[in-house]
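Visitor: Next input, structure requested:
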Amino acid sequence: MKSKYATPTTGLLSLILGIAIGVSFFPTSAIPSRTALNPTPTYSAYASLLDTEIRGLDQATIEGYLAGEGLSQDLPAELNGYPGLRHTLDLTEELELTDEQLIQVQALFDGMQVKAMSLGEQYLQAYSELELAFREGSITVEYLKSQLETIAAIEVELRFVHLSSHLATVQILTHDQIAQYNLLRGYADGMNHEDMDHSK
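Guide: Okay, the predicted model is just below:
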């Protein structure tokens, strides 16, 4: 006569079968994956800018603004045959600048740098105020728009100071000096030498 109670073996088999059936109907998408439970960090390339003097700007850029450097803002002129004042002074001997030319270029550079340094400080101050508003959570749409307009106006002035200095430089140098400048700077191959003398 069969017992009305299931044997231990039979009970175990029933349990395993029940689990198997349940798992087959349970959507795998609902089971948290190991990756979801322990996500791999995807670090931002900007993480290092969290600890700079002005969050969002690297230290070299900050120092460049304070020193009145071009920071690539003058490239439209530099790469199209309009020499820059700083590099013209650096190439004084190679370009064989006359005493008069050297005095003119140095005076222009000194004036340009004073203006650029002042505007650079203004830019950093305005940028810093904007960044701080985001950091403190006090930013508003109205302030954002106003501050961006302020920053843009400073950028325009700063870019004008740098680019206009290139226009002034070609009024001092000769055609041959301009050609030599671009040759020494590595730009000559991509330029039309007939168009390099912008002052004549």
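
Visitor: Compute the number of surrounding residues for the residue nearest to residue 55 when sequence neighbours are not counted.
Guide: Using CB to CB, 6 or more residues apart in numbering and skipping the chain neighbours, the partner closest in space to residue 55 is residue 131 (5.2 Å). C-beta coordinates here come from the backbone N, C-alpha and C atoms, glycine included. Neighbour count of residue 131, defined by other CB atoms under 10 Å: 16.

Visitor: Now the helix of greatest length in the chain: buried residues?
Guide: What stands out as the longest helix in the chain, according to DSSP state H, is helix 99-136. For helix 99-136, the neighbour count (16 or more other CB atoms under 10 Å) marks 101, 104-105, 108-109, 112-113, 115-117, 119-120, 122-124, 126-128, 130-131 as buried.

Visitor: okay, residue 61: pLDDT?
Guide: Listed pLDDT for residue 61 reads 94.

Visitor: I'd like the distance between residue 112 and residue 147.
Guide: Distance of residue 112 to residue 147, given as CB to CB, to the nearest Å: 27 Å.

Visitor: what do you get for residue 53?
Guide: 19 Å.

Visitor: With neighbour numbers in mind, choose between those two.
Guide: Using other CB under 10 Å as the criterion, residue 53 and residue 147 rank with residue 147 on top: 17 against 11.

Visitor: ok, back up a step: list the buried ones in the following helix or strand past the longest helix of the chain?
Guide: Elements were assigned by DSSP states H and E; along the chain past helix 99-136, the next helix or strand is helix 141-169. Residues of helix 141-169 classed as buried: 147, 150-151, 154, 158-159, 161-163, 165-166, 168-169 (neighbour count, 16+ other CB under 10 Å).

Visitor: Show me the contact partners of stretch 142-161.
Guide: 73-74, 112, 115-116, 119-120, 122-123, 126-127, 129-130, 133 (CB atoms under 8 Å, 6 or more residues apart in numbering).

Visitor: okay, those residues in JSON lines with distance to residue 80 and pLDDT next?
Guide: Below are these laid out as JSON lines (distance: CB to CB, whole Å; pLDDT from 0 to 100):
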{"residue": "73", "distance to residue 80": "14", "pLDDT": "90"}
{"residue": "74", "distance to residue 80": "11", "pLDDT": "92"}
{"residue": "112", "distance to residue 80": "19", "pLDDT": "96"}
{"residue": "115", "distance to residue 80": "23", "pLDDT": "97"}
{"residue": "116", "distance to residue 80": "20", "pLDDT": "97"}
{"residue": "119", "distance to residue 80": "23", "pLDDT": "97"}
{"residue": "120", "distance to residue 80": "24", "pLDDT": "97"}
{"residue": "122", "distance to residue 80": "28", "pLDDT": "98"}
{"residue": "123", "distance to residue 80": "25", "pLDDT": "97"}
{"residue": "126", "distance to residue 80": "30", "pLDDT": "98"}
{"residue": "127", "distance to residue 80": "29", "pLDDT": "97"}
{"residue": "129", "distance to residue 80": "35", "pLDDT": "97"}
{"residue": "130", "distance to residue 80": "32", "pLDDT": "97"}
{"residue": "133", "distance to residue 80": "38", "pLDDT": "96"}
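
Visitor: Good, wrapping up.
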